[in-house]
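Asks: No letters, just coordinates:
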DNA sequence: CCTTATCGGGGGAAATCTTCCCATATTCAA
DNA sequence: TTGAATATGGGAAGATTTCCCCCGATAAGG
């Protein structure tokens, strides 16, 4: 695929902010006809730069007001532990992110739950499925910034 | 607004996975006519449950392969520090999330950069704008799970 | 100069969305 | 049971958008 130029980047910036704007307006906004714009978008989709179009939901209206980061420090794991851990966390929808990290903590989990009781249910379910040694949770008191937009 | 029932939840689940499917297919998939489906979506948008439609981009194709979590422990801050910190982080596009946390760490920053050098540039820019005392970074070695989908 | 390739613009057909209508369940309360 | 309120399904019409084809401009290379 071709390299991504500045016009592509402008298109991407618009689309990851709002993908519902009609092509016509998007075109005029970035100084391109709706057709040229459309072709670039199709190319970006074909190249996998644009992954997909989704709807972003408002956590507050869905009783998911509590965001929690769970830090795991693990002692030596038996073989197959990571595989089991991966399957368990991927099967739990409250868990939105699982990362293997550098540094003193081994794994970091990002999750959304209704409240503290919801976190406890999540925690109980998690440790029931996967043996975990050192677990500590930190709760988000205030979301100063939270976006999906990649820097372009 | 009315309470969200199971049909609404199914609609939301589909939409936050893929909002590009035509109404007709979405309707048949959840067992509803395109019309009833459309009315529910409009209601969910009006109620703010559906925030907006966006395009999700692939970080790998955009040279943003490194995700980093920055932990801040702060000693006593002068008044106005949080305001300055908020403005600085919101103005830096690499920083995708900033959270005030419970527990032993005060603030958590989530960011995406091309590589370690990119992180260093981000770090330098950040500490040049806001006085920070105790900063430590953890880098994501492996993304076991990473989604925007809220649990419904 | 000519050819080729690439990119943008214009036009238009096809698909989709949006908004009506109204008849028909379904639920809930009286 | 009856009535009211609510939600659905279907049709249909117009507006909008998507998508594709063709042509012209521009640039690179022979």
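Replies: Yep, that arrived. Source: prediction; values computed, not measured. Numbers count the residues shown, from 1 in each chain, chains lettered A, B, ... in the order given.

Asks: Please see if stretch A:111-129 touches chain B.
Replies: Yes - under the criterion of CB under 8 Å from any CB of the partner chain, chain B is reached by stretch A:111-129 at residue A:112. (C-beta placed from N, C-alpha, C; glycine too.)

Asks: list the buried ones in that stretch?
Replies: A:111-114, A:118-119, A:122-123, A:126 (16 or more other CB atoms under 10 Å in any protein chain shown).

Asks: what does stretch A:36-50 give?
Replies: A:37, A:40-41, A:44, A:49-50.

Asks: Return the member of those nearest to DNA strand D.
Replies: residue A:41 (7.6 Å; CB to the nearest atom of the strand).

Asks: which residues does the closest one contact?
Replies: With contacts defined as CB atoms under 8 Å, 6 or more residues apart in numbering or on different chains, the neighbours of residue A:41 are A:11, A:15, A:23, A:50.

Asks: backbone phi and psi for it, please?
Replies: Torsion angles at residue A:41 (phi, psi; degrees, to the nearest 10) stand at phi -60, psi -40.

Asks: hang on, the earlier thing: which pair in the buried residues of stretch A:36-50 spans the largest distance?
Replies: Using CB to CB, the buried residues of stretch A:36-50 reach their maximum pairwise distance at A:37 and A:49, which is 14.8 Å.

Asks: just for chain A, where's the confidence low?
Replies: A:1, A:76 (pLDDT under 70).

Asks: tell me the phi and psi of the residue of chain A most remote from its centre?
Replies: In chain A, the residue that sits farthest from the middle, by CA atoms, centre = their mean, is residue A:33; the gap is 32.4 Å. Phi and psi for residue A:33, reported as degrees, to the nearest 10, are phi -70, psi 160.

Asks: can you check residue A:133 too?
Replies: The phi/psi pair for residue A:133 (degrees, to the nearest 10) reads phi -100, psi -60.

Asks: can you map out the helices along chain A?
Replies: A:6-17, A:23-30, A:34-46, A:81-90, A:116-129 (DSSP state H).

Asks: Go through the top strand by length along chain A and flag the buried ones.
Replies: Secondary structure of chain A per DSSP state E: the longest strand is strand A:134-146. By 16+ other CB under 10 Å, the buried positions in strand A:134-146 come out as A:137-140, A:144-145.

Asks: Please apply the same query to stretch A:79-89.
Replies: For stretch A:79-89, a neighbour-count test (16+ other CB under 10 Å) marks A:85-86, A:88-89 as buried.

Asks: Domain map for chain A?
Replies: Following automatic domain parsing, chain A resolves into domains at A:6-46, A:59-139.

Asks: Nearest to residue B:102, out of those?
Replies: Per CB to CB, nearest to residue B:102 of the domains of chain A: domain A:59-139, 4.6 Å.

Asks: what about that closest one, how long is it end to end?
Replies: End-to-end distance of domain A:59-139 (CA to CA, to the nearest Å): 15 Å.

Asks: next one: that domain to chain centre, how far?
Replies: Here the centre of domain A:59-139 is set off from its chain's centre by 15 Å, with CA atoms, centre = their mean, to the nearest Å.
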